[in-house]
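Novice: sharing a model that was predicted from the sequence below.
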Amino acid sequence: MTYLAGLPTPFLHESTCSWIQRVCQVYDLSYGQLHAAFGIDVRSDPDLNLSASDIMRVARAGRLDLSVFSLMRVTLGRVAERKAIRSLVLRDELRYPVYRFCPLCFSEDGIPYLRLEWRFKAWEVCEAHGIDMPTKCWSCGRYLHHSRSILSGRGGYTLVPSLAHCIVCRGDQRNFPASAFSYPKAEVFQRKVRFQRAVLSALVHDYMRVEPLSHRFSVSEMATLVGLIGLDAPDASDKQLLEKMGRRDRLHVMWIIEKALTCKKSSTVRKAKSKELARKYFEAWREKFD
């Protein structure tokens with residue numbers, strides 16, 4: 001690949017999609033032209049189609065410091081390489097990429113950009129501003145889609161000034177009405193923050209733990225554990241409950257988790273029954289201590 005002069009450096013926590021949008025803006029390219037010119041196959045979802053190795057290859061072509069891509073590489077880059085955890089990211093009914101966003105963060109940006117954590121289903125609240133993050137435009141109620149190049153004007157859409165703008169109505173999300181903001185209760189906010197941080201941490205470190213167990217689970221199993229039996233970050237009541245648990249309960253939890261994970265290998269009918277059984281056992285275990 002030839003030297004890419006002027007390749008933009010990613011912002012702090014910037015997502016792959018956001019960065020690729022700005023790359024297309026610099027070179028005035030559509031996604032298809034980007035692929036033809038540089039061999040970068042982003043298609044309709046750069047977050048899921050640009051692997052960690054692809055990210056590093058482009059970074060080297062721009063002679064950029066590779067360290068600024070490290071978080072992008074071990075989070076979205078890891079999701080791109082493993083289909084087992086793709087269900088952790090937001091997509092609409094047609095499987096196009098969707099982001100939550102914080103209008104207040106956009107307002108503070110010199111150049112509005114998408115944070116990589118905003119792409120994950122688990123990331124529901126803005127830790128900086130304490131609000132529930134929306135997914136749709138305040139003006140027209142449509143998702144903020146980024147499945148084509150929208151900053152270069154060559155992606156088939158009308159050119160928009162920034163990633164804070166809706167491609168449908170051109171509404172600026174920085175003008176999101178303050179009256180429309182939703183502020184979760186303090187205890188709910190703290191629980192969500194712990195959970196969303198735990199999900200991102202698991203991706204970064206490539207493993208996860210489920211309290212009260214010390215066993216390390218592969219991050220590839222996270223989507224099953226979170227989506228199947230509803231594991232979430234322990235809140236204050238959970239911590240009190242966990243102190244009451246003995247060895248038998250820990251083994252019981254481990255059995256439930258193993259049951260949930262092994263059901264993936266069964267037939268469709270047996271898989272459905274195993275999922276339901278695992279969920280019932282898990283809920284029964286939780287209710288013992290309520």
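Specialist: Yep, that arrived.
Novice: for the strand or helix carrying Ser70, buried residues please.
Specialist: Using DSSP states H and E, Ser70 maps to helix 70-74. For helix 70-74, a neighbour-count test (16 or more other Cβ atoms under 10 Å) marks 70-74 as buried. C-beta here means a position set from N, CA and C on the backbone, and glycine is covered the same way.
Novice: which element follows that helix toward the C-terminus?
Specialist: helix 76-81.
Novice: buried set for that next one?
Specialist: 76-80.
Novice: reformat the buried residues of helix 70-74 as CSV; add pLDDT.
Specialist: Below are the buried residues of helix 70-74 laid out as CSV (pLDDT from 0 to 100):
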residue, pLDDT
Ser70, 90
Leu71, 93
Met72, 93
Arg73, 90
Val74, 89
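Novice: out of the residues you listed, flag the one nearest to Ser218.
Specialist: Val74 (14.5 Å; Cβ to Cβ).
Novice: any idea how far that closest one is from Ser201?
Specialist: 11 Å (Cβ to Cβ, to the nearest Å).
Novice: and if you look at Ser152?
Specialist: 35 Å.
Novice: of these two, which one has the most company?
Specialist: Ser152 (22 against 12; other Cβ atoms under 10 Å).
Novice: surely the more buried one is in contact with Leu29?
Specialist: Yes - contact status for Ser152 versus Leu29: in contact at 5.8 Å, counting by Cβ atoms under 8 Å.
Novice: apart from its neighbours in sequence, what residue is nearest Arg22?
Specialist: Pro8 (4.9 Å; Cβ to Cβ, 6 or more residues apart in numbering).
Novice: would you mind listing where this structure has pLDDT under the threshold?
Specialist: The model of the chain has pLDDT under 70 over residues 1-2, 155-157, 211-213, 226-290.
Novice: show me where it has strands.
Specialist: Using DSSP state E, the strands found in the chain span residues 207-208, 217-218.
Novice: any chance of these in TSV with distance to Phe176 and mean neighbour count as columns?
Specialist: Shown next, in TSV, are those (distance: least, Cβ to Cβ, whole Å; neighbours: other Cβ atoms under 10 Å):
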stretch	distance to Phe176	mean neighbour count
strand 207-208	33	18
strand 217-218	38	16
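Novice: nearest to Gly130, out of these?
Specialist: Among the strands of the chain, the nearest to Gly130 by Cβ to Cβ is strand 207-208 (26.0 Å).
Novice: adjacent strands (with direction) for that closest one?
Specialist: Take DSSP bridges as the rule and strand 207-208 pairs in its sheet with strand 217-218 (antiparallel).
Novice: contacts for the strand it pairs with?
Specialist: 206-210, 225, 257 (Cβ atoms under 8 Å, 6 or more residues apart in numbering).
Novice: now do 10 Å
Specialist: 82, 84-85, 202, 206-210, 224-225, 257, 261 (Cβ atoms under 10 Å, 6 or more residues apart in numbering).
Novice: what sits against Ser182?
Specialist: 125, 131-134.
Novice: again, only using 6 Å
Specialist: Asp132 (Cβ atoms under 6 Å, 6 or more residues apart in numbering).
Novice: one more: His165?
Specialist: Asp172.
Novice: equivalent analysis for Glu81, please.
Specialist: So Glu81 contacts Ser51 (Cβ under 6 Å, 6+ apart).
Novice: for the residue most central in space within the chain, name its beta-bridge partners.
Specialist: Centrality entry for the chain: nearest residue to the mean C-alpha point is Phe120, 2.0 Å, by Cα atoms, centre = their mean. Under DSSP bridges, the beta-bridge partners of Phe120 are Val89.
Novice: can you list the domains in this protein?
Specialist: Domains of the chain are assigned by automatic domain parsing as 16-180, 206-287.
Novice: need the winner for burial among these.
Specialist: domain 16-180 (a mean of 18; mean count of other Cβ atoms under 10 Å).
Novice: could you tell me the end-to-end distance of it?
Specialist: Terminal residues of domain 16-180 lie 29 Å apart, using Cα to Cα, to the nearest Å.
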